[in-house]
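[1] give me a model of this one.
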Amino acid sequence: MALCWCQSSASLSLKKKIAPSQNRKSKYEGQSIKAIPIRVLTVGKRRSKGTQLLVEEYTQKIKYYCNIEDTLIKSNPKATSDVRSQIEAEDMLMVQHTTPDDFIVMMDENGKDIVSEEMADLIGDAANKGVMRLTFCIGGPYGHGPLVRERADMSIRLSSLVLNHQVALIVLLEQIYRAWTIIKRQKYHH
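    Numbering: from 1, shown residues only. Down below sits the predicted model:
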């Protein structure tokens with residue numbers, strides 16, 4: 001459900017606006033699909049304890065459906081103050097963690113807006129097309145470099161808001177878990 005501001009003659013009020021995609025179903029709902037391995041690459045510094053606990057919780061839930069690998073790539077590996085050099089170094093490390101057979105989904109604030117059912121479709125499509133591994137890439141504080149951008153098969157965004165890498169990681173893992181529950185027609189467990 002989206003919210004919108006509506007202005008009347010004297011005041012502003014907040015009204016509910018129903019998104020048309022709320023009644024959408026995944027084309028893979030209830031179907032048997034290959035348990036495609038998933039890797040999540042995140043550029044960042046050491047995670048907070050709370051973030052790490054949530055990452056572990058969601059990866060355990062996802063492992064019920066498929067293999068999942070969570071890889072943290074050190075932010076600013078060359079300890080440079082030059083932003084361009086930082087982006088290039090992070091970019092190179094991220095690409096080195098991929099293989100030519102990976103289907104790369106880049107998380108980007110300018111990426112395609114998708115709903116949970118479309119995330120389920122993304123996973124189902126990748127499995128049906130024989131993709132060896134689905135790799136999601138979360139960039140560092142300055143975003144992705146040109147190598148990841150060129151290598152990406154798809155670009156999506158998790159929110160209209162810009163999210164820090166730890167929040168983006170938790171939202172992404174939650175959506176991967178939710179996608180599998182949609183595909184398997186199982187109750188979502190918080």
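[2] from now on I want contacts and neighbour counts done on CA atoms only, so please keep to that.
    Fine.
[3] what kind of secondary structure is the nearest residue to residue 145 once chain neighbours are set aside in?
    Ranked by CA to CA, 6 or more residues apart in numbering and with sequence neighbours excluded, the top spatial neighbour of residue 145 is residue 91, at 5.1 Å. Under DSSP: H, G, I helix; E, B strand; the rest coil, residue 91 falls in the helix class.
[4] what's the answer for residue 177, then?
    Quick answer, by three-state DSSP: residue 177 is helix.
[5] what's the local residue count around it?
    24 (other CA atoms under 10 Å).
[6] please list all residues in contact with the residue nearest to residue 145.
    The contact partners of residue 91, by CA atoms under 8 Å, 6 or more residues apart in numbering, come to 144, 145, 146, 147, 148.
[7] helices of this structure, start to end?
    49-62, 83-96, 116-128, 146-151, 165-183 (DSSP state H).
[8] which stretch among the ones you listed comes nearest residue 41?
    helix 83-96 (7.1 Å; CA to CA).
[9] now do the contacts for residue 161.
    Contacts of residue 161 by CA under 8 Å, 6+ apart are residue 109.
[10] then the one 4 residues further on?
    Taking CA under 8 Å, 6+ apart, we find residue 165 in contact with 42, 43, 44, 138, 139, 140, 141.
[11] ok now do the fifth one, which residues does it touch?
    For residue 139, the set of contacting residues under the criterion of CA under 8 Å, 6+ apart consists of 42, 43, 44, 107, 108, 165.
[12] and the furthest pair within those residues?
    44 and 108 (15.1 Å).
[13] how much space separates residue 36 from residue 184?
    Here the distance between residue 36 and residue 184 works out to 14 Å (CA to CA, to the nearest Å).
[14] in terms of neighbours, single out the busier of the two.
    For residue 36 versus residue 184, neighbours defined as other CA under 10 Å are more numerous around residue 36 (20 against 17).
[15] okay but that one is in contact with residue 62, surely?
    No. Counting by CA atoms under 8 Å, residue 36 stays clear of residue 62, with 11.3 Å between them.
[16] before we move on, the earlier item: please flag which of the contacts of residue 139 sit within strands.
    42, 43, 44, 107, 108 (DSSP state E).
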